[in-house]
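S.K.: Fold the following.
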Amino acid sequence: MKKMLFFACLGIIMFSAGLAMAESKPVQLSLTPDIALFDRNTKIEGLALSIWGENPQTALAIGFVNGSTGSSAGFSFGLLNYADSYKGVQWAPVNYVKSDFLGWQSAFINCTEGSVKGLQTGFVNYAGRLTGLQFGFVNYGAAAENAVQIGLINLLPENEWFTRLPGELAPGMIFVNWRF
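M.R.: Numbering: from 1, shown residues only. Next up is the predicted model:
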């Protein structure tokens with residue numbers, strides 16, 4: 001009886017582990033989100049190679065368009081990277097994050113509607129809430145905390161004009177602006 005109970009428990013554990021492993025895949029190949037090795041709801045933990053891919057992922061994503069749904073992480077390299085929420089590195093001519101970003105975005109245009117914690121390097125950088133460094137031609141942080149901007153045009157609208165030095169500089173400055 002003990003052996004039968006042991007094997008029954010072992011079978012349940014193995015079946016549960018198999019279900020958990022089935023929820024993520026190590027590799028994704030996709031032409032579009034609907035023409036792919038795995039459907040767009042499958043989590044990719046490894047490598048995603050795409051013309052246009054869109055999955056929740058913890059992966060190295062290389063493609064023309066890399067879409068990351070849910071809370072994703074990794075390194076995305078392409079022409080356009082977009083994500084719901086992302087931790088890691090995004091390199092492309094255009095990077096867009098709907099919610100929060102933690103890490104480094106490098107692009108011609110970086111746009112994060114939520115909070116950025118880390119580094120944005122690009123021609124135009126936008127953060128809904130900035131904690132970190134923006135380095136580009138035009139930098140905009142709608143709200144900021146412990147932030148530095150280096151570029152030709154640096155905008156932190158929460159700042160007041162030179163009244164709270166050294167903690168903040170001004171709402172708009174050339175070359176450098178900050179808020180601590």
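
S.K.: going forward, measure contacts between C-alpha atoms and count neighbours the same way
M.R.: Noted.

S.K.: Let me see the domain layout of the protein.
M.R.: 23-89, 100-180 (automatic domain parsing).

S.K.: Now do stretch 35-43: distance from first to last residue.
M.R.: 16 Å (C-alpha to C-alpha, to the nearest Å).

S.K.: which outside residues touch that stretch?
M.R.: Contacts of stretch 35-43 with the rest of the structure, by C-alpha atoms under 8 Å, 6 or more residues apart in numbering, involve 23-25, 28-30, 33-34, 53-58.

S.K.: Pick out the most distant pair among the residues you listed.
M.R.: Taking C-alpha to C-alpha as the measure, the contacts of stretch 35-43 span a maximum distance of 19.8 Å, between Asp34 and Thr58.

S.K.: More neighbours: which of the two?
M.R.: Thr58 (23 against 13; other C-alpha atoms under 10 Å).

S.K.: check contacts around that one.
M.R.: Here Thr58 is in contact with 43-46, 72-74 (criterion: C-alpha under 8 Å, 6+ apart).

S.K.: how close does it get to Thr32?
M.R.: 19 Å.

S.K.: And for Leu102?
M.R.: Distance from Leu102 to Thr32, by C-alpha to C-alpha: 26 Å.

S.K.: More neighbours: those two, which one.
M.R.: Taking neighbours as other C-alpha under 10 Å, Leu102 and Thr32 compare with Leu102 leading, 18 against 14.

S.K.: mind listing the helices for the chain?
M.R.: With DSSP state H as the criterion, the chain has helices at 2-22.

S.K.: That one: strands as residue ranges?
M.R.: With DSSP state E, the ranges of strands along the chain come out as 24-32, 35-36, 43-55, 57-77, 80-91, 94-97, 101-155, 172-179.

S.K.: returning to what we had before: any chance of CSV for the contacts of Thr58, columns distance to Thr163?
M.R.: As requested, the contacts of Thr58 are exported to CSV (distance: C-alpha to C-alpha, whole Å):
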residue, distance to Thr163
Lys43, 49
Ile44, 49
Glu45, 49
Gly46, 50
Ser72, 40
Ala73, 40
Gly74, 41
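
S.K.: Name the residues that touch stretch 168-180?
M.R.: 144-163, 167.

S.K.: repeat for stretch 118-125
M.R.: Stretch 118-125 has contacts (C-alpha under 8 Å, 6+ apart) with 102-111, 131-140.
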